[in-house]
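S.K.: Fold the following.
(one chain, ligands or ions: 3)
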Amino acid sequence: MEVEYVEDREDKIVFIIKNVPVALVNSIRRAIIGHVPTMAVDYINVYMNTSFLYDEMLAHRIGLIPLKADIDKYNFQDKCECGGEGCPNCQVSLRLNVEGPKTVYSGDFISDDPEVKPVYDNIPVVELYEGQQLMIEAVARLGTGKEHAKWKPVSICSYKIIPKIEISDCSLCKACVEACPRKILEIKGEKIVVNDILKCSMCMECVKVCEDNAIKVEETDNYLFTIESISMPAKEVLKRAINILKNKAVEMNEILKHINS
Ligand code: SF4
Ligand code: SF4
Ligand SMILES: [Zn+2]
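M.R.: Ligands and ions are numbered 1, 2, ... in the order given. Coordinates of the predicted model:
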């Protein structure tokens, strides 16, 4: 398996992964969106809400605020010594006590653990008018995207096939060059060349317009994988997903050994 980075930023990575079955690539994607844990607000306790929003709408908005956290410091509640009741090892409270007139932002929450805080301070939650008040405790815990989208560590996690384009016996009619919506085909000298195969969407427009059947677009075992992360670096998301898959494979082997013995 070969991996080559095309883009390498803290919050976004794009890489080419070569000679792998599609099932493995899809397993990585599913592990990322469903199994890599993050911290998010599970529920809110409302002590005062005289804003124009219902408690449920506030809870929904607050739940979707991405939180930064050292996730290794916390236990999953179902595996915590407290038995899931909630304790400082498995949950953290973020408190809000504000009065209008004011726009309430994610940065107005005061966390019991300074390491657990909103990724961005400028996410608007609600606008309070003169005399309106909010007094809320938001309780955050570890969770995974399998349970609810608010625990997903990524905003984008996708892959696409990098196709192989072959051109032979071409009459240079230029029909494919004009038909390609991504503008990646061009005439160079006496032939048609593909100037950026990574941009090909496999829409097959070039094949449809070629009256000479000179162009072929085929699937390969090479993929372009994109991860845009929210609350931790994109490479860390990938590393955690691969470790989760490895552990699952070990567990599966144990189960199979058990069945076969
Ligand atoms: S398959 Fe679509 S995007 Fe790819 S080269 Fe052909 S027309 Fe362009
Ligand atoms: S449409 Fe077919 S024949 Fe025309 S330039 Fe493209 S590949 Fe060549
Ligand atoms: Zn606990």
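
S.K.: List the residues that contact the residue of the stretch 1-150 of the chain with the smallest separation from ligand 2.
M.R.: Nearest residue of the stretch 1-150 of the chain to ligand 2 (CB to the nearest ligand atom) works out as Ile16 at 25.3 Å. Any C-beta I mention is one placed from the backbone N, CA and C, and that applies to glycine too. Ile16 sits next to 2-4, 6, 162, 198, 222-225 when contact means CB atoms under 8 Å, 6 or more residues apart in numbering.

S.K.: Highest neighbour count among those?
M.R.: Counting neighbours by other CB atoms under 10 Å, Tyr223 leads the contacts of Ile16 with 22 neighbours.

S.K.: Now do it against ligand 1, distance only.
M.R.: 16 Å (CB to the nearest ligand atom, to the nearest Å).

S.K.: Is there a neighbour count for the residue nearest to that residue when sequence neighbours are not counted? I'd like the number.
M.R.: Residue nearest to Tyr223 in three dimensions, not counting chain neighbours: Tyr159, with 4.6 Å by CB to CB, 6 or more residues apart in numbering. Per other CB under 10 Å, the neighbour tally for Tyr159 reads 17.

S.K.: Checking my notes, Tyr159 in a strand, right?
M.R.: Yes - membership of Tyr159 in a strand is supported by DSSP: H, G, I helix; E, B strand; the rest coil.

S.K.: pLDDT score for it?
M.R.: With respect to pLDDT, Tyr159 scores 97.

S.K.: Thought Asn222 was touching it, still the case?
M.R.: No - if you go by CB atoms under 8 Å, Tyr159 and Asn222 don't touch, sitting 10.3 Å apart.

S.K.: which residues are in contact with both of the two?
M.R.: Ile17.

S.K.: I'd like the mean pLDDT over the helix or strand where Gly34 lies, please.
M.R.: Using DSSP states H and E, Gly34 sits within helix 22-35. The pLDDT scores in helix 22-35 average 97.

S.K.: Can you name the residues in contact with that helix?
M.R.: Residues outside helix 22-35 that contact it (CB under 8 Å, 6+ apart): 17, 144-146, 152-154, 157-159, 221, 223, 225, 227, 237-238, 241-242, 244-245.
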